[in-house]
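Peer 1: Quick check, what structure comes out for this input:
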Amino acid sequence: MARYNLWQNQNLVAAAEALSPAARAEERGAFFGSIAGTFSHLLWADLAWMSRFEAGEAPACGVTGSAALFADWEAFKAQRAETDARILAWAHALGVAELASDLAWYSGTLGRDVTRALGLCVAHFFNHQTHHRGQIHAMLTAAGARPGDTDLFVMPEDVGR
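Peer 2: Just a heads-up that it's a prediction; the model follows:
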């Protein structure tokens with residue numbers, strides 16, 4: 001799933017490059033507003049989860065500020081690529097036994113401490129990415145961009161290797 005994440009983020013970012021900055025920022029009725037806002041939220045969430053998985057620093061804002069966190073497109077692309085490489089390295093090092101352990105963190109969204117199985121959190125992490133990339137894909141298509149394939153079975157073998 002980390003390889004798929006990398007592949008699809010590259011796919012959607014490349015498709016979004018065909019749009020003007022105004023088209024990426026245009027309000028489209030999605031939960032995070034625009035293509036750019038949804039990309040920003042997704043990167044924010046990936047960084048938040050990676051901070052939990054690796055016991056590192058979380059993004060400076062909460063979910064309500066996530067759509068505006070990465071407003072500069074070039075900076076977003078650089079951070080997206082860096083984060084995807086980080087996710088890939090983390091996933092390659094993750095062991096099966098670790099997935100059965102618990103992960104504990106403070107959830108700003110829920111306003112309380114949470115403990116869940118790491119395996120469930122990892123499944124949520126990748127599912128969340130797919131959910132929001134689906135929204136981005138729909139907005140890109142409606143805006144006239146043409147993302148590439150998204151089917152897992154057609155992912156090139158060399159992605160992320």
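Peer 1: Nearest residue to the middle of the protein?
Peer 2: By C-alpha atoms, centre = their mean, the chain has its centre lying nearest to Leu42, at 3.8 Å.
Peer 1: Which of the helices or strands spans it?
Peer 2: helix 35-53 (DSSP states H and E).
Peer 1: From the chain's centroid, how far away is that helix?
Peer 2: 5 Å (C-alpha atoms, centre = their mean, to the nearest Å).
Peer 1: What's the mean pLDDT across the lengthiest helix in the chain?
Peer 2: Ranked by residue count and defined by DSSP state H, the top helix of the chain is helix 118-142. Helix 118-142 shows a mean pLDDT of 97 in the predicted model.
Peer 1: Just list what that helix packs against, helices and strands only.
Peer 2: Contacts defined by 3 or more C-beta pairs under 8 Å, 6 or more residues apart in numbering; DSSP states H and E place helix 118-142 against helix 2-17, helix 35-53, helix 96-99, strand 102-107. Any C-beta I mention is one placed from the backbone N, CA and C, and that applies to glycine too.
Peer 1: quick one: buried residues of that helix?
Peer 2: For helix 118-142, the neighbour count (16 or more other C-beta atoms under 10 Å) marks 118-119, 121-122, 125-126, 129, 132-133, 135-137, 139-140 as buried.
Peer 1: How about stretch 49-65?
Peer 2: So for stretch 49-65, counting by 16+ other C-beta under 10 Å, buried means 49-50, 52-53, 58-59.
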